[in-house]
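Q: here is my input, please return the structure:
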Amino acid sequence: MARVPSTIPPADAIPAQVHPDAPKPGQAIPSHLEHCFGCGQSHPTGLRIRSTAGEGASITSIFTVSEFHQGAPGLAHGGILTLACDEVLGHLMWLLRKPAVTGRLETDFLLPVPVGSVIHLRAEILGISGRKVYSRCEGRLNAADGPVAIRAQSLFVIVDMQHFLDSAPEDYITRIQGNPALMREIDSSFEVNP
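A: Numbering: from 1, shown residues only. Predicted coordinates:
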């Protein structure tokens, strides 16, 4: 039987060290792709999540549930809420300045989320073990101190930037290669821990 990876940090996990070039507390976390369904501000039906660096290895985020995000009539689809948590947990990697992919994500749904709700999310890194980053997220209804509607815990795995470039569309690669400053930023911004 295959071992299921845990989202709980092991005893030898170390605290996250925020990269010196990471966004400072109160600064916006940039969208990695303008048409990303989670954070892209140009996606017509996406979540358009906006995230801000917090204190330590944490961020806060916000998005509004629209009619495009419903499952049952008038309620947010559970998959959309899970996607929101995955996106926000992924934004934590901006604090480490390391590219990573979701290895495991566990989601708990505590309250129904009506269309029109504003979800306030807070995510933090719990610990790091080698290439594994353990983190959690909590989403509250309509206020940063509102009732908790969703919780998630995750395991992200740090990867080489080439992982993303291998599947990127040709026009994206051409745009990056045609912009030496952007290429240098990608190469220097994301350091990988072997």
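
Q: ok, now which ones touch the residue most central in space within the chain?
A: Centroid-nearest residue in the chain, with Cα atoms, centre = their mean: residue 90, separated by 2.4 Å. Residue 90 is in contact with 38, 100, 102, 156, counting by Cβ atoms under 8 Å, 6 or more residues apart in numbering. Using the backbone N, CA and C atoms, a C-beta is placed for each residue, glycine as well.

Q: the first one and residue 46, how far apart?
A: Computed with Cβ to Cβ, to the nearest Å, the distance linking residue 38 and residue 46 is 7 Å.

Q: of those two, which one has the most company?
A: Just comparing residue 38 and residue 46: by other Cβ atoms under 10 Å the higher neighbour count belongs to residue 38, 24 against 20.

Q: helix, strand or coil for that one?
A: Classification of residue 38 using DSSP: H, G, I helix; E, B strand; the rest coil returns coil.

Q: tally of neighbours for the closest residue to it other than its chain neighbours?
A: Once flanking residues are discounted, residue 38 sits nearest to residue 87: 3.3 Å by Cβ to Cβ, 6 or more residues apart in numbering. Residue 87 has 25 neighbours, counted by other Cβ under 10 Å.

Q: element containing residue 87?
A: Per DSSP states H and E, residue 87 falls inside helix 78-91.

Q: just the mean pLDDT for that helix, thanks.
A: Mean pLDDT, computed over helix 78-91, is 97.

Q: over to stretch 155-167?
A: 80.

Q: quick one: end-to-end length of that stretch, please.
A: 22 Å (Cα to Cα, to the nearest Å).

Q: how about stretch 8-19?
A: 23 Å.

Q: just the pLDDT for residue 180.
A: We have a pLDDT of 54 for residue 180.

Q: Throw the contacts of residue 90 into a markdown table and include secondary structure and distance to residue 6, thanks.
A: Shown next, in a markdown table, are the contacts of residue 90 (DSSP: H, G, I helix; E, B strand; the rest coil; distance: Cβ to Cβ, whole Å):
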| residue | secondary structure | distance to residue 6 |
| --- | --- | --- |
| 38 | coil | 24 |
| 100 | strand | 17 |
| 102 | strand | 14 |
| 156 | strand | 13 |
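
Q: can you give me the strands in this structure?
A: 28-29, 50-53, 58-64, 100-109, 118-129, 132-141, 148-158 (DSSP state E).

Q: format those as TSV; extra columns: distance to residue 19 and mean neighbour count.
A: Formatted as TSV, the strands of the chain follow (distance: least, Cβ to Cβ, whole Å; neighbours: other Cβ atoms under 10 Å):
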stretch	distance to residue 19	mean neighbour count
strand 28-29	13	18
strand 50-53	11	20
strand 58-64	14	21
strand 100-109	13	16
strand 118-129	12	20
strand 132-141	13	23
strand 148-158	12	21
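
Q: domain parsing for the chain?
A: For the chain, the structural domains run 28-159, 160-194, going by automatic domain parsing.
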